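**Student:** missing the sequence, but the structure's below:
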């Protein structure tokens, strides 16, 4: 008689209320951090846990298109900050009047203050030319990579580590600093460091840039624009 | 004397180990579910918690570009399934030989089996023409929307709810079913339902489609391709 192969399915109950609340607390108290970083280095086992969380993200066709480039070198972070600064000077001019002054007053990155940066990239070639699930939406690979970023961000919150996502730079300024190949997309520049304090509400809301939208206005039922009666 | 304004910053300690483990458990045991859905309806307060988690996602310039279209109607889900089925017939032909047979054998969606679908969209016009942080990467709005999807997915795991992300369809087949405006992007079609069981490992790995990559091969230090000594 052949031995029965163990089922690849396992029991999956809902979490106990206290565990469920922990998940919601990570989600609700996660912030995009620009200035609260402490200089303390993040121990290797903690970095390993963050990366493992990112690597557990869903990926289209299980292609796992991500790479994680860890940058601690101050010289390299300074070069990235300079790329940010150049792009941000361009960004300032895109806003008008009072909005421009307000934009200028915002701190938008912690590249030099946070002791660690993590550049998260997407290699669209990783799964070969035809990738299961990417056949009709070519950007599913980048979406997978963003899921990895969000996993890492939530894990960081639980570890007491703040994350700030910097998006204001020209890729062409960043790529040569690290030798990132042309076919690999830079998805996120993340600044990471321990924090003692976080904003109770998103910083852009606290600073009067934009307020949270009422969720009920964003939810439709059965058809676009239809709300619950 | 003026009263001092309360600080918008609050103390942000690391989670207690048991709470941290709960966050990691949601991340590690989350699966892309295609077939384990139970027919039980998801109560409204639970759906509200999932959507609140999604709405707590980071968004570029705090633009909150997402909408959530809840679809329970079997007729509408059947129309979406038909759109999937047409696209999937195209997808089959893109794989060759043994790979094609294996592709055909996979169950790739639970649109009809799961009692609820959630279509998550991105409105790139929501924050006006110039959005803080989107000035140099026009896709930051979609990335924000994907973060909302991942928040919802992890919250669902904690609730005992499975989520399956369907990406195999032509947008032009889905849009008219719900009257989704042309300027709004369809980012994710999510199938949602309670589950009793989940795969212990990602289903595509269990079914021999593709295996998990060793994380250490995906991590670089200071420069592309450089590994820890």
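**Tutor:** Great, that's in hand. It should be emphasised that the depicted structure is a prediction, and the values quoted were computed from it without experimental measurement.

**Student:** does the most centrally placed residue in chain A sit in a helix or strand, and which one?
**Tutor:** Nearest to the geometric centre of chain A sits residue A:149, at 3.7 Å (C-alpha atoms, centre = their mean). Element membership for residue A:149 (DSSP states H and E) is helix A:140-159.

**Student:** quick one: list the elements packing against that helix.
**Tutor:** helix A:17-29, helix A:44-55, strand A:66-71, strand A:116-122, strand A:161-166, strand A:185-194, helix B:17-29, helix B:140-159 (3 or more C-beta pairs under 8 Å, 6 or more residues apart in numbering or on different chains; DSSP states H and E). For glycine as for every other residue, the C-beta is placed from the backbone atoms N, C-alpha and C.

**Student:** low-confidence ranges, chain A, go.
**Tutor:** Filtered on pLDDT under 70, chain A yields the residue ranges A:1-4.

**Student:** end-to-end on stretch A:174-193?
**Tutor:** One end of stretch A:174-193 to the other measures 21 Å (C-alpha to C-alpha, to the nearest Å).

**Student:** can you check what angle separates the helix holding residue A:149 from strand A:66-71?
**Tutor:** For helix A:140-159 against strand A:66-71, the angle by axes from the mean of the first three to the mean of the last three C-alpha atoms, to 10 degrees is 50 degrees.

**Student:** sorry, back to before: quick check: the residue nearest to the centre of chain A touching residue A:54?
**Tutor:** Yes - using C-beta atoms under 8 Å, residue A:149 is in contact with residue A:54, at 7.1 Å.

**Student:** now do the shared contacts for these two.
**Tutor:** Taking C-beta atoms under 8 Å, 6 or more residues apart in numbering or on different chains as the criterion, residue A:149 and residue A:54 both touch residue A:120.

**Student:** returning to that earlier point: how far does the helix holding residue A:149 sit from the chain's center?
**Tutor:** With C-alpha atoms, centre = their mean, to the nearest Å as the basis, helix A:140-159 stands 5 Å off its chain's centre.

**Student:** stretch A:151-162 now?
**Tutor:** Relative to the chain's own centre, stretch A:151-162 is displaced by 10 Å; criterion: C-alpha atoms, centre = their mean.

**Student:** report the buried residues of that stretch.
**Tutor:** A:151, A:152, A:153, A:154, A:155, A:156, A:157, A:158, A:159, A:160, A:161, A:162 (16 or more other C-beta atoms under 10 Å in any protein chain shown).

**Student:** ok, stretch A:117-132 next?
**Tutor:** Using 16+ other C-beta under 10 Å as the test for burial, stretch A:117-132 gives A:117, A:118, A:119, A:120, A:121, A:122, A:123, A:124, A:126, A:127, A:131, A:132.

**Student:** and chain B, which of those residues contact it?
**Tutor:** Restricting the buried residues of stretch A:117-132 to those near chain B by C-beta under 8 Å from any C-beta of the partner chain leaves A:127, A:132.

**Student:** save the helices and strands packed on helix A:140-159 as JSON lines, and put in distance to residue A:204 too.
**Tutor:** Listed next are those as JSON lines, based on distance: least, C-beta to C-beta, whole Å:
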{"stretch": "helix A:17-29", "distance to residue A:204": "16"}
{"stretch": "helix A:44-55", "distance to residue A:204": "24"}
{"stretch": "strand A:66-71", "distance to residue A:204": "26"}
{"stretch": "strand A:116-122", "distance to residue A:204": "21"}
{"stretch": "strand A:161-166", "distance to residue A:204": "12"}
{"stretch": "strand A:185-194", "distance to residue A:204": "16"}
{"stretch": "helix B:17-29", "distance to residue A:204": "25"}
{"stretch": "helix B:140-159", "distance to residue A:204": "12"}
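
**Student:** please name whichever of those is nearest to residue A:217.
**Tutor:** Closest approach to residue A:217 among the helices and strands packed on helix A:140-159 (C-beta to C-beta): helix B:140-159, 15.0 Å.

**Student:** run the angle between that closest one and helix B:44-55 for me.
**Tutor:** 140 degrees.

**Student:** farthest pair in the buried residues of stretch A:151-162?
**Tutor:** Maximum pairwise distance in the buried residues of stretch A:151-162, criterion C-beta to C-beta, is 16.8 Å, between A:151 and A:160.

**Student:** closest one of the buried residues of stretch A:151-162 to chain B?
**Tutor:** Nearest to chain B among the buried residues of stretch A:151-162: residue A:160, at 3.0 Å, using C-beta to the nearest C-beta.

**Student:** wait, what's in contact with the spatially closest residue to the closest one that is not a sequence neighbour?
**Tutor:** Nearest residue to residue A:160, sequence neighbours excluded (C-beta to C-beta, 6 or more residues apart in numbering or on different chains): residue B:14, at 3.0 Å. When contacts are counted by C-beta under 8 Å, 6+ apart, residue B:14 touches A:158, A:159, A:160, A:161, B:20.

**Student:** identify the farthest-apart pair in those.
**Tutor:** Of all pairs in those, the most separated under C-beta to C-beta is A:161 and B:20 at 11.2 Å.

**Student:** what's the distance between residue A:97 and residue B:45?
**Tutor:** The gap separating residue A:97 from residue B:45 is 44 Å, by C-beta to C-beta, to the nearest Å.

**Student:** also residue A:155?
**Tutor:** Look at residue A:155 and residue B:45: by C-beta to C-beta, they are 27 Å apart.

**Student:** show me the contact partners of stretch A:192-207.
**Tutor:** With C-beta under 8 Å, 6+ apart, stretch A:192-207 has contacts from A:29, A:31-34, A:36-40, A:42, A:50, A:102, A:105-106, A:110, A:113-118, A:156, A:160-163, A:210-212, B:8-13, B:61-62, B:132.

**Student:** hang on, residue A:178 packs against residue A:69?
**Tutor:** Yes - if you go by C-beta under 8 Å, residue A:178 and residue A:69 touch, sitting 6.1 Å apart.

**Student:** which of the two has more neighbours?
**Tutor:** Using other C-beta atoms under 10 Å in any protein chain shown as the criterion, residue A:178 and residue A:69 rank with residue A:69 on top: 25 against 20.

**Student:** before we move on, the earlier item: figure out the helix or strand that the residue nearest to residue A:160 lives in.
**Tutor:** Residue B:14 belongs to no helix or strand, assigned by DSSP H and E.

**Student:** need phi/psi at it.
**Tutor:** Dihedral pair for residue B:14: phi -60, psi 160, per degrees, to the nearest 10.

**Student:** neighbours of the residue nearest to residue A:81 when sequence neighbours are not counted, just the number please.
**Tutor:** The shortest distance from residue A:81 to any non-neighbouring residue, by C-beta to C-beta, 6+ apart, is to residue A:111 (4.4 Å). The tally of other residues near residue A:111 (other C-beta under 10 Å) stands at 25.

**Student:** doesn't residue A:82 make contact with residue A:111?
**Tutor:** No - taking contacts as C-beta under 8 Å, residue A:111 lies outside contact range of residue A:82: 9.5 Å.
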